[in-house]
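> Here's a sequence, model it:
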Amino acid sequence: MAHVIAKHGETSGDFTKTEGWLDWYDGPTKPTFTLPEGAVDAHCHVFGPGAEFPYAPERKYTPCDASAEQLFALRDHLGFDRNVIVQATCHGADNSALVDALNRSEGRARGVATVRRDVTDQQLAELHAAGVRGVRFNFVKRLVDRVPTDSLEQIVAKIAPLGWHVVIYFEAEDLPELYDFFSSIPTDLVVDHMGRPDVTKDPNGPEFELFLRFMRENANVWTKVSCPERLSVSGPRALDGEQHAYTDVVPFARRVVEEFPDRVLWGTDWPHPNLKDHMPDDGLLVDYIPQIATTPELQRKLLVDNPRRLYWED
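Below is the predicted model:
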């Protein structure tokens, strides 16, 4: 099958890119930080290409294309060995682009899908065979029409026999009302981007302490200490050779890595959907890692041991 060749910044097919959309960084630097052998980029996406894998009618944004070939080229350039590809909301519950990328990865990628409550056991078996190992639910109110608590319970019952986990995306201000519900989920649970803390607040203050308590009280909860470019307020940005980017996020992420070294993951978030402020250089994002995982042992757990345990042990 011939694949559409995606070009940087273009949106192929009968689609018009969202006005003001920030395209992913073209020509990232080579990281100065050498990733440990076998490192996994545990949070990234593919977009289309739209001409081959159409964007969902219900999408909240229309991105530039970001193909599997471009993702794998970035993987090799940065020094990663593997990827965990997370279904992007612009594709809704049509996981075709994700499955295509997994099939073309030669076993070097796993996936996190989006499914609806009417998903069949046969469909789940096909996703599992392709390399899917989890499902994602979005609780960020500005990105979804309704909070998916009812459907989550039904879907969890279907995926649990496969040994899959649940990935949840929410914002810190919503954790108090969702705390008990999230604590009731029986599978492994992965929280995207530390539950999006407000980094202008004290990392030792009550808001972030609630998130840490959530992890302490629930041994099945993991988190991604990723996306400092989304969380940062004061920077500095991962651009122009900056080796100490996003220092306002560092105390939050470092605290999580040091307290829960066996339940943390990291990913680039390429191609960085819906960024409004700036588009980071992915090579400099990799150079951010030693600020939050400060020893070789912590770096190996974060980048190799933990993602492999969660995604490749079966």
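> The stretch 151-300 of the chain: strands as residue ranges?
Listed in chain order, the strands of the stretch 151-300 of the chain (DSSP state E, counting those that start in this stretch) span 165-169, 189-191, 221-224, 264-265.
> tell me the phi and psi of the residue nearest to Trp270 when sequence neighbours are not counted?
Spatial nearest neighbour of Trp270, chain neighbours left out: Cys44 (4.7 Å); criterion: C-beta to C-beta, 6 or more residues apart in numbering. Backbone N, C-alpha and C define where each C-beta goes, glycine included. Here is the backbone geometry of Cys44 (degrees, to the nearest 10): phi -150, psi 170.
> Could you report the separation of Cys44 from Val221?
Counting by C-beta to C-beta, to the nearest Å, the gap from Cys44 to Val221 is 22 Å.
> Which one's more surrounded, the two?
Cys44 (25 against 20; other C-beta atoms under 10 Å).
> Can you give me the pLDDT of the residue nearest to Trp270?
Looking at Cys44, its pLDDT stands at 98.
> May I have the beta-bridge partners of it?
For Cys44, the beta-bridge assignment (DSSP bridges) gives partners Ile85.
> any idea how far Leu71 is from it?
6 Å.
> Mind checking what helix or strand follows the helix or strand hosting Leu98 in sequence?
Leu98 is part of helix 96-103, with elements assigned from DSSP states H and E. Going down the chain from helix 96-103, the next helix or strand is strand 109-113, by DSSP H and E.
> Mean confidence (pLDDT) on that following strand, please.
98.
> Buried residues in the helix or strand that that strand is followed by, which are they?
Going down the chain from strand 109-113, the next helix or strand is helix 121-130, by DSSP H and E. Buried residues in helix 121-130, defined by neighbour count with 16 or more other C-beta atoms under 10 Å: 124, 127-128, 130.
> Please identify which of these is nearest to Ala93.
Distance to Ala93, by C-beta to C-beta, is smallest for Leu127 among the buried residues of helix 121-130, at 11.1 Å.
> Isn't the closest one up against Ser96?
No - assessed by C-beta atoms under 8 Å, Leu127 is found out of contact with Ser96, at 11.0 Å.
> now the residue lying closest to Ile185 once chain neighbours are set aside: how far from Asp269?
Ranked by C-beta to C-beta, 6+ apart and with sequence neighbours excluded, the top spatial neighbour of Ile185 is Val166, at 5.8 Å. Counting by C-beta to C-beta, the gap from Val166 to Asp269 is 19 Å.
> Over to Phe182?
22 Å.
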